[in-house]
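Visitor: Sequence plus predicted model, see below.
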Amino acid sequence: MPTSTLIRNSFAAAFRVVLVAVVALALSLVAVPPAQAAGGGPSITKKYFGTLSGGKKIDIYTLRNSNGMRVKILTYGGILQSIEVPDSRGRLADVALGFDKLSDYVKQSPYFGCITGRYANRIAKGRFTLDGKTYQLATNDGPNHLHGGNKGFDKRVWQAEPFRRHNSVGLALTYTSPNGEEHYPGTLRAKVVYTLTDDNQIRMDYRATTSRPTVVNLTNHTYFNLRGEGNGRILGHEMRINASHYTPVDKTLIPTGKIARLGGTPLDFREPTAIGDRINSKNQQIVRGGGYDHNYVLDSRGHGLDLAAKVVEPESGRVLEVITDQPGLQFYSGNFLDGTLRGTSGHLYPKRSGFALESQHFPDSPNHKNFPSTVLRPGDVYRTTTIYAFSTM
């Protein structure tokens with residue numbers, strides 16, 4: 001080989017080595033740790049989740065904020081399928097009980113993560129009278145009506161519109177419930193907007209209008225375990241609820257109509273208390289609920305959003321605050337979970353492995369004039385807001 005060719009080849013080889021080194025150095029300078037790389041700006045993506053028996057396709061939207069927190073929402077039932085938040089060491093875990101298959105939500109879900117309506121919670125004997133006319137609803141919870149009936153908002157397909165703002169990302173869900181659906185009067189046009197912010201909050205704005213006088217009570221029914229879904233029971237979570245009164249229930253869990261003081265009862269959570277400390281009390285109300293399944297009358301200041309409850313999980317350091325403009329909060333301690341449901345992690349959900357904090361008007365309000373009214377009339381707009389705010393100790 002000529003000397004000139006050998007020199008050129010040697011120079012080319014040396015240049016390639018230098019170029020590779022320069023590129024590697026550049027990449028090392030711009031590389032970021034995995035936790036930072038997982039962040040970035042807010043984003044939203046859409047994927048196919050499954051198909052209902054009638055052929056309707058269901059999508060799942062993944063909302064992600066700049067901190068890497070992720071929330072997954074189904075168009076079926078407006079379900080919060082997953083909520084991934086960090087613990088005090090920055091490790092992400094899904095803190096919402098749920099399923100990874102659509103068929104499980106259809107066949108066996110105990111209202112995991114869904115929008116409940118038209119009327120969240122119970123109505124005695126499925127019956128109420130409005131403007132002199134009596135309406136008979138389905139009795140799908142023993143003798144009573146629960147969470148909108150046999151096919152409430154939790155089992156409906158919602159139309160979805162994603163949006164993105166500078167420091168938040170969200171999903172607007174809409175559903176029109178025709179007059180007479182589940183025997184409720186009036187065509188109800190409902191809208192629920194989920195917004196994930198960069199301060200690790202999920203904001204839920206509810207709106208509804210009606211063509212005829214009706215009753216409305218909407219909420220979200222997420223079951224939380226701040227240790228991570230499928231990671232044991234929630235008895236060690238420390239709960240504080242800003243309420244000095246509650247609505248006692250009869251043996252079918254329908255309010256008696258009284259608004260009673262919490263002081264001196266095992267239902268009083270005005271001071272932080274572990275959920276499991278008094279859950280096996282022989283108090284009649286605890287026995288009737290099989291644990292906690294009661295509406296708390298919030299000590300609201302009456303001017304918009306207030307802190308309703310704060311939950312701390314000491315082991316993970318995760319904190320959940322529920323902020324709302326609603327007058328009531330249903331605290332449910334997962335008493336009817338029985339270890340037969342297998343969640344997204346592949347683990348079974350035993351009794352009391354999740355809790356719900358449902359912001360609401362009171363159960364059975366249409367049958368108690370002393371409770372805040374849930375009547376919605378044409379020309380009026382139902383508006384309410386609740387926030388799930390996550391942080392760490």
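Guide: Structure's in. What do you need?
Visitor: Buried residues of stretch 372-390, list them for me.
Guide: By neighbour count on 16 or more other Cβ atoms under 10 Å, the buried set for stretch 372-390 is 374-376, 382, 384-390. (Each C-beta comes from the backbone N, C-alpha and C, glycine too.)
Visitor: nearest to Pro178, of these?
Guide: Leu376 (15.6 Å; Cβ to Cβ).
Visitor: what's across from the closest one in the sheet?
Guide: With DSSP bridges as the criterion, Leu376 is bridged to Thr214.
Visitor: residues contacting it?
Guide: 186, 188, 208-210, 213-216, 382 (Cβ atoms under 8 Å, 6 or more residues apart in numbering).
Visitor: how near is it to His221?
Guide: 20 Å (Cβ to Cβ, to the nearest Å).
Visitor: Now intersect the buried residues of stretch 372-390 with the strands, please.
Guide: 375-376, 382, 384-390 (DSSP state E).
Visitor: would you turn those into TSV with pLDDT and distance to Ala309?
Guide: TSV is the format used below for those (pLDDT from 0 to 100; distance: Cβ to Cβ, whole Å):
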residue	pLDDT	distance to Ala309
Val375	98	27
Leu376	98	26
Tyr382	98	23
Thr384	98	16
Thr385	98	15
Thr386	98	11
Ile387	98	11
Tyr388	98	10
Ala389	98	11
Phe390	98	13
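Visitor: Relative to Ser244, which of the buried residues of stretch 372-390 is nearest.
Guide: Set against Ser244, the nearest of the buried residues of stretch 372-390 by Cβ to Cβ is Thr386 (20.6 Å).
Visitor: quick one: that closest one from Thr51, how far?
Guide: Relative to Thr51, and taking Cβ to Cβ, Thr386 is found at 31 Å.
Visitor: And Gly228, by the same measure?
Guide: Taking Cβ to Cβ, one finds Gly228 at 29 Å from Thr51.
Visitor: neighbour-wise, which of these two wins?
Guide: Each of Gly228 and Thr51 has its neighbours counted (other Cβ atoms under 10 Å); Gly228 has more, 21 against 12.
Visitor: How about the secondary structure of that one?
Guide: State at Gly228, reduced to three classes by DSSP: H, G, I helix; E, B strand; the rest coil: coil.
Visitor: Walking through the stretch 151-300 of the chain, point out its strands one by one.
Guide: Using DSSP state E, counting those that start in this stretch, the strands of the stretch 151-300 of the chain run over 159-165, 168-177, 188-197, 201-210, 214-215, 219-220, 238-241, 243-247, 260-261, 273-274, 293-298.
Visitor: could you dump those to CSV with distance to Gly304 and mean neighbour count?
Guide: Formatted as CSV, those follow (distance: least, Cβ to Cβ, whole Å; neighbours: other Cβ atoms under 10 Å):
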stretch, distance to Gly304, mean neighbour count
strand 159-165, 21, 13
strand 168-177, 19, 20
strand 188-197, 17, 21
strand 201-210, 13, 20
strand 214-215, 23, 24
strand 219-220, 18, 26
strand 238-241, 19, 21
strand 243-247, 17, 20
strand 260-261, 26, 12
strand 273-274, 27, 16
strand 293-298, 13, 24
